[in-house]
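Peer 1: requesting a structural model of the entry that follows:
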Amino acid sequence: WSPLAQGILTGKYTDAKHPPKGTRAAGPAAEMMEDFFTQPVLDAVQRLLPVVKRSGRSLPEIALAWCLRQPAVTSVIVGATSVRHVEENLRAAESPVDSAIFEEVERILAPALVEEPYIA
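Peer 2: You can find the predicted model right below:
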């Protein structure tokens, strides 16, 4: 129900104990993130960055494209706070990502996967 994992899959979070001011994790909504806002999850996301860079895409694009390729997913509902976010969201749907990138992403995230609550 959260294709960007409450913002974690944007790459903006690196330290579970000190989230950036003005972000969801630093405000009143932080409690709903506590199950998956952990240092192992954030470290895994940081390990994704070289893979994402190699793909020529952004981390949110890869996350949304991964959601869209899941057989049980018919659409992905996302929000945006800037034109850049809207453009990234559209690129995720418009151009295919090499399946080898998704395989590497899944391998990196597997040890840190949080299954409850269900987030993609």
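Peer 1: the bottom helix or strand of this structure by mean pLDDT?
Peer 2: Within the chain, judged by mean pLDDT, DSSP states H and E, the helix or strand with the poorest mean is helix 83-94; its value is a mean of 91.
Peer 1: same for the very next helix or strand once past that one, what does it pack against?
Peer 2: Once the chain leaves helix 83-94, the next helix or strand it forms, by DSSP states H and E, is helix 99-109. Counting by 3 or more C-beta pairs under 8 Å, 6 or more residues apart in numbering; DSSP states H and E, the packing neighbours recorded for helix 99-109 are helix 39-55, helix 59-68. No exception for glycine: its C-beta is placed from N, CA and C like everyone else's.
Peer 1: show me the contacts for the closest residue to Val41 other than its chain neighbours.
Peer 2: Nearest residue to Val41 in three dimensions, chain neighbours excluded: Ala112, at 4.7 Å (C-beta to C-beta, 6 or more residues apart in numbering). When contacts are counted by C-beta atoms under 8 Å, 6 or more residues apart in numbering, Ala112 is found next to 38, 40-41, 43-44.
Peer 1: switch to 7 Å and redo it
Peer 2: The neighbours of Ala112, taking C-beta atoms under 7 Å, 6 or more residues apart in numbering as the test, are 40-41, 44.
Peer 1: and if you look at Pro3?
Peer 2: Residues counted as contacts of Pro3 (C-beta under 7 Å, 6+ apart) are 63-64, 67, 76, 78, 120.
Peer 1: distance of it relative to Ser55?
Peer 2: Here the criterion is C-beta to C-beta, to the nearest Å. By it, Pro3 lies 17 Å from Ser55.
Peer 1: thought Leu4 was touching Lys12?
Peer 2: No: under the criterion of C-beta atoms under 7 Å, Leu4 makes no contact with Lys12, lying 10.2 Å away.
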